[in-house]
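Visitor: fold the stuff below for me.
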Amino acid sequence: DAKRRAEVFKNLNKYMQVIAETVKELDEDAEVYLFGSVAEGKHLLSSDIDVLVVTDESPGKVISMLWDRGIEDPFEIHVVTKEMLELYKKRTKLLRIV
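Guide: Numbering: from 1, shown residues only. Here you go, the predicted structure:
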């Protein structure tokens with residue numbers, strides 16, 4: 001709902017810290033990036049928050065653990081390998097979180 005989205009955007013740094021800490025628990029070598037409209041500063045309250053997680057862990061495991069920590073809508077979690085990271089770097093602006 002709109003109230004939750006407003007709270008998430010207001011406290012985005014806190015949520016990104018939870019994401020970073022959770023991902024690092026699974027894989028200390030993982031990287032976390034923000035991309036899309038939020039990274040470009042063009043987001044609206046209705047926008048998704050696109051997060052790229054670079055790890056060899058299974059996407060299901062990463063997403064499940066994040067859901068358990070309250071990371072859900074409006075977050076859109078993309079889990080990729082280091083090889084796939086290069087494709088994202090060519091296509092979009094990435095803001096590295098960890």
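Visitor: pull out the buried residues from the lengthiest helix in the chain.
Guide: In the chain, ranked by residue count with DSSP state H as the criterion, the top helix is helix 12-26. Neighbour counts over helix 12-26 (16 or more other C-beta atoms under 10 Å) mark 15, 16, 19, 20, 22, 23, 26 as buried. (Glycine included, C-beta is placed from N, CA and C.)
Visitor: which of those lies closest to residue 7?
Guide: Relative to residue 7, the closest of the buried residues of helix 12-26 is residue 15; by C-beta to C-beta it sits at 9.5 Å.
Visitor: need the phi and psi values for the residue lying closest to residue 82 once chain neighbours are set aside.
Guide: The shortest distance from residue 82 to any non-neighbouring residue, by C-beta to C-beta, 6 or more residues apart in numbering, is to residue 54 (5.8 Å). With angles defined as degrees, to the nearest 10, residue 54 sits at phi -100, psi 110.
Visitor: returning to what we had before: can you lay out the buried residues of helix 12-26 as a markdown table showing pLDDT and distance to residue 59?
Guide: Below are the buried residues of helix 12-26 laid out as a markdown table (pLDDT from 0 to 100; distance: C-beta to C-beta, whole Å):
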| residue | pLDDT | distance to residue 59 |
| --- | --- | --- |
| 15 | 97 | 19 |
| 16 | 97 | 19 |
| 19 | 98 | 14 |
| 20 | 97 | 17 |
| 22 | 97 | 14 |
| 23 | 98 | 12 |
| 26 | 96 | 11 |
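Visitor: want to throw those into CSV with distance to residue 50?
Guide: Listed next are the buried residues of helix 12-26 as CSV, based on distance: C-beta to C-beta, whole Å:
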residue, distance to residue 50
15, 13
16, 12
19, 12
20, 15
22, 17
23, 15
26, 20
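Visitor: re earlier: which strands and helices lie in contact with the longest helix of the chain?
Guide: strand 31-35, strand 49-54, helix 59-68, strand 75-80 (3 or more C-beta pairs under 8 Å, 6 or more residues apart in numbering; DSSP states H and E).
Visitor: what's the closest of these to residue 91?
Guide: Nearest of those (C-beta to C-beta): strand 31-35, 9.1 Å.
Visitor: show residues contacting that closest one.
Guide: Identification of contacts with strand 31-35 by C-beta atoms under 8 Å, 6 or more residues apart in numbering yields 16, 19-20, 23, 39, 49-55, 85, 88, 92-98.
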